[in-house]
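J.: Structure for the following, please:
(2 chains)
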There are 2 protein chains.
Amino acid sequence: MSSTNQVFIAVIGAGGVGKCFLSQLQGLAARKPSPKLSLAYISTSRKALYNDDYAAIDLNNVVDTLATSSKSPLALPKVVDYLAAAPSKVILVDNTSSQDVAELYPLALSRGISIVTPNKKAFSGSYKLWQDIFTAASSSGAKVYHESSVGAGLPVISSLKDLIETGDKVTKIEGVFSGTMSFLFNSFAPTSGQGGKWSAEVKKAQSLGYTEPDPRDDLNGLDVARKLTILARLAGLPVESPESFPVQSLIPKELESCSSGDEFLEKLPAFDSQMEEVKAEAEKAGKVVRFVGSIDVPSKSVKVGLEQFDASHPIAALKGSDNIINFYTERYGSNPLIIQGAGAGGDVTAMGVTSDLIKVLGQIA
Amino acid sequence: MSSTNQVFIAVIGAGGVGKCFLSQLQGLAARKPSPKLSLAYISTSRKALYNDDYAAIDLNNVVDTLATSSKSPLALPKVVDYLAAAPSKVILVDNTSSQDVAELYPLALSRGISIVTPNKKAFSGSYKLWQDIFTAASSSGAKVYHESSVGAGLPVISSLKDLIETGDKVTKIEGVFSGTMSFLFNSFAPTSGQGGKWSAEVKKAQSLGYTEPDPRDDLNGLDVARKLTILARLAGLPVESPESFPVQSLIPKELESCSSGDEFLEKLPAFDSQMEEVKAEAEKAGKVVRFVGSIDVPSKSVKVGLEQFDASHPIAALKGSDNIINFYTERYGSNPLIIQGAGAGGDVTAMGVTSDLIKVLGQIA
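T.: Numbering: from 1, shown residues only, chains lettered A, B, ... in the order given. Now for the predicted structure:
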């Protein structure tokens, strides 16, 4: 049923990222020599698969099997009980964006269960939850990896950790952390050519699936603020929450009370002149406007909002919906370490989760 | 004298990178909670420090202590004997660029000694040595990490491995892999402005320390070819050697026989018109010329030499002596995963070594 160095995998969530992850996990399990892993639990919000004796769940067609399962998911604390009683080490993969699952991490970690997740909530919520998570991990020896919580599969968190752990001093982190904002500003204020009207670009981004169903969930800047909170904390700043530093919302005050995303989009054109002014002001300075997040470590300042950049700056020259992250450090000097590429999408997000899983396996198996 | 999960570190080489590494190692050892590591052997080509009972060598002022040591280094196979007999696990850090040390890896790995190194020689020499290294590691379980063999501390090799291990298909790798070539072409053919004469730029790069003492050691393209060999092999291509694919040398045929770098530099201005033609041809096409390496995986083609790029291309827009590496993959689609920053220098090279060491410690300690 289990050998001593086999590792049990538990997966919560089988949505967009979850499905891509399961496909990658299947590929990983099929590799030669086969890593010693075994799926012991998987659940969505409605269904679950698990066996009382922890017998391996077949990874082939697991999404279909799960959909037709007669079992309901265990209550969250019961999931921890079930996994903590397993006869070998366990990695819990949280592929949800649930606050409830996030709040389970300290308990799971304290009972020796390692965590791998793209879920931002645990790391960008209250500072107390952050501390509880890393205190629990450090006392039990369980691991917690969350590469895909910033920039999807791009090596952002691992690079920041490498810089810090090897003794470099990070002075500033600056970048475009939202695929939606990247797409919007690369089209609205391109480095060459005219660009479209702001409201038209927002509408286009929504119809292409680049925004959340209600585009205000991107335009309020909170998603970027969450990512900045995570990076700032990793860089040593005790940021209290994503609401504890200045975040510029691109939702006009008058449209905050719209009852739906559709009503918002309908009324947005009336505010195009405001964004045209922002663009014109940048152009007058020979620059373009971008929506960026930045962390200045020595002054402990974190902020999210519009900034102007020279057309030749890597942040201005970004393409499509790419993210870009610039790490300025003592060792790298005036030219930052730059990481750039797709920062959203099921496959690349799952890639960060799978590579975290491989790293944890290497340490605990 | 040793506890069961302490790890012994052996270091060969205390030059530029070696000294930076030792300083980072000292910082790492001083961390709380302290990693369980202990320096058991250190040598230069003339001196060594070690104790028959493997007692820890003091990391404080170790470079000075080493310089005044009365011990000579052990012969290389004896180093392996000494380390393999240690009462706990061992990581050998090779901070040389020595072929002899590189050829020791299969023996060391087969005896359970893990290897961490920026030395390109082992991974870019004969394909047989490459195979021997990874066969030995895989059968003993010892680890071999060499992030700094390409792009110094930039996360190039770790990112490529993550892509491959999670099941992505790398289709193309393209970039500027030499700080010297980057500096030369960013000054000779800037995206805006005139640029200097080729021979003058080479002379300037040499006087600023951006080239090897004899600049022909950079201009022959072999350093880039070695890095491409490593990446191509990691991507699954069985590249026989850095001489087994087309590499464009920027040394005019007539100057190959110069007896010194000084003679070469003196005669180089006579060939400036050739490079001016190359530049003019690119300009006519609205582009700039850069010295790049590229690997096309499906066609198994690897090459190093001059290519033309649009001024807006990230490879053209590079600054100073930065490296840039573009990974085109199935998951990342038309916009590659890009990593950019300083690809040379003692501190950033040592950073790659130290972060590899931390990763190996996490797996074997």
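J.: use CA for all of it now, contacts and neighbours both
T.: Will do.
J.: Show residues contacting the host helix or strand of A:Ala232.
T.: Per DSSP states H and E: A:Ala232 is located in helix A:222-234. Helix A:222-234 has contacts (C-alpha atoms under 8 Å, 6 or more residues apart in numbering or on different chains) with A:120-121, A:123-125, A:149-150, A:157, A:160-161, A:177-178, A:217, A:238-239, A:241-243, A:247, A:293-295, A:297, A:302-304.
J.: in that helix, what counts as buried?
T.: The neighbour-count check on helix A:222-234 (16 or more other C-alpha atoms under 10 Å in any protein chain shown) flags A:222-234 as buried.
J.: now do stretch A:234-252
T.: For stretch A:234-252, by 16+ other C-alpha under 10 Å, it's A:234-235, A:237, A:239-242, A:245, A:247-249, A:251.
J.: now do stretch A:139-150
T.: Buried positions in stretch A:139-150, judged by neighbour count with 16+ other C-alpha under 10 Å: A:140-150.
J.: Which ones among the contacts of helix A:222-234 lie within helices?
T.: Under the assignment DSSP state H, those contribute A:121, A:123-124, A:157, A:160-161, A:217 to helices.
J.: how about the helices in the stretch 201-350 of chain A?
T.: A:216-219, A:222-234, A:261-267, A:272-284, A:346-364 (DSSP state H, counting those that start in this stretch).
J.: For the last one, name the packing helices and strands.
T.: The one in question is helix A:346-364. helix A:16-29, strand A:89-94, strand A:114-116, strand A:144-145, helix B:156-165, helix B:346-364 (3 or more C-alpha pairs under 8 Å, 6 or more residues apart in numbering or on different chains; DSSP states H and E).
J.: which residues touch the residue nearest the centre of chain A?
T.: Compute the mean C-alpha point of chain A, and by C-alpha atoms, centre = their mean the closest residue is A:Ser149, 2.4 Å away. For A:Ser149, the contact set (C-alpha under 8 Å, 6+ apart) comprises A:117-120, A:227.
J.: now swap in A:Gly18 and tell me
T.: Residues in contact with A:Gly18, defined by C-alpha under 8 Å, 6+ apart, are A:95-96, A:346, A:350.
J.: most neighbours, which of those?
T.: Comparing the contacts of A:Gly18 on neighbour count, A:Ala350 comes out first with 30 neighbours (neighbours: other C-alpha atoms under 10 Å in any protein chain shown).
J.: tell me which parts of chain A are close to chain B?
T.: A:24, A:27-28, A:154-155, A:159, A:162-163, A:165-167, A:312, A:314, A:317, A:319-320, A:322, A:331-332, A:335-342, A:347-348, A:351, A:354-355, A:362-364 (C-alpha under 8 Å from any C-alpha of the partner chain).
J.: filter those to the buried ones?
T.: For those, buried by 16+ other C-alpha under 10 Å: A:24, A:28, A:154-155, A:159, A:162-163, A:165-167, A:312, A:314, A:317, A:319-320, A:322, A:331-332, A:335-342, A:347-348, A:351, A:354-355, A:363-364.
J.: Mind putting the buried residues of helix A:222-234 into a markdown table with pLDDT and distance to B:Ala285?
T.: Putting the buried residues of helix A:222-234 into a markdown table (pLDDT from 0 to 100; distance: C-alpha to C-alpha, whole Å) gives the following:
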| residue | pLDDT | distance to B:Ala285 |
| --- | --- | --- |
| A:Leu222 | 97 | 44 |
| A:Asp223 | 96 | 42 |
| A:Val224 | 98 | 40 |
| A:Ala225 | 98 | 43 |
| A:Arg226 | 98 | 45 |
| A:Lys227 | 98 | 42 |
| A:Leu228 | 98 | 42 |
| A:Thr229 | 98 | 45 |
| A:Ile230 | 98 | 45 |
| A:Leu231 | 98 | 42 |
| A:Ala232 | 98 | 44 |
| A:Arg233 | 98 | 48 |
| A:Leu234 | 98 | 46 |
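J.: any idea which of those is closest to A:Gln194?
T.: Checking those against A:Gln194 by C-alpha to C-alpha gives A:Val224 as the nearest, at 26.4 Å.
J.: Can you give me the distance of that closest one to A:Thr180?
T.: To A:Thr180, A:Val224 is 10 Å away according to C-alpha to C-alpha, to the nearest Å.
J.: what sits against A:Arg216?
T.: Here A:Arg216 is in contact with A:251, A:261 (C-alpha under 8 Å, 6+ apart).
J.: what's near enough to touch the closest residue in space to A:Lys267 that isn't next to it in sequence?
T.: Of all residues not flanking A:Lys267 in the chain, A:Leu255 sits nearest, at 7.6 Å (C-alpha to C-alpha, 6 or more residues apart in numbering or on different chains). If you count contacts by C-alpha under 8 Å, 6+ apart, A:Leu255 has them with A:264, A:267-268.
J.: per-residue confidence at A:Leu255?
T.: Looking at A:Leu255, its pLDDT reads 95.
J.: and if you look at the one 4 residues further on?
T.: pLDDT, the model's per-residue confidence, is 94 for A:Ser259.
J.: what about it, neighbour count?
T.: By other C-alpha under 10 Å, neighbour count at A:Ser259 equals 9.
J.: Look up how far chain B lies from it.
T.: Computed as C-alpha to the nearest C-alpha, to the nearest Å, the A:Ser259 to chain B distance reads 36 Å.
J.: Roughly how far does that residue sit from B:Ala280?
T.: Taking C-alpha to C-alpha, one finds A:Ser259 at 60 Å from B:Ala280.
J.: before we move on, what about A:Arg46?
T.: 66 Å.
J.: which of the two has more neighbours?
T.: B:Ala280 (16 against 13).
J.: residue contacts, A:Ile57?
T.: Counting by C-alpha under 8 Å, 6+ apart, A:Ile57 touches A:38-41, A:49-50.
J.: what's the span of stretch A:47-67, first residue to last?
T.: Note: stretch A:47-67 ends 7 Å apart using C-alpha to C-alpha.
J.: buried stuff in it?
T.: Applying 16+ other C-alpha under 10 Å to stretch A:47-67 flags A:47-50, A:54, A:56-57, A:59, A:62-63, A:65-67 as buried.
J.: since we're on the residue nearest to A:Met275 when sequence neighbours are not counted, how many residues are nearby?
T.: In this structure, A:Met275 finds its nearest non-sequential neighbour in A:Trp198, 6.6 Å apart by C-alpha to C-alpha, 6+ apart. Residues contacting A:Trp198 under the criterion other C-alpha under 10 Å number 23.
J.: can you tell me how far A:Trp198 sits from chain B?
T.: 24 Å.
J.: hang on, isn't that residue packed against A:Phe188?
T.: Yes: using C-alpha atoms under 8 Å, A:Trp198 is in contact with A:Phe188, at 6.1 Å.
J.: about what we covered before: what's the closest of the buried residues of stretch A:47-67 to A:Lys287?
T.: So of those, ranked by how close each gets to A:Lys287 (C-alpha to C-alpha), first place is A:Val63, at 48.6 Å.
J.: burial measure for A:Ala316, as a count.
T.: Neighbour number of A:Ala316 under other C-alpha under 10 Å is 23.
J.: likewise A:Ser257?
T.: By the criterion of other C-alpha under 10 Å, A:Ser257 has 10 neighbours.
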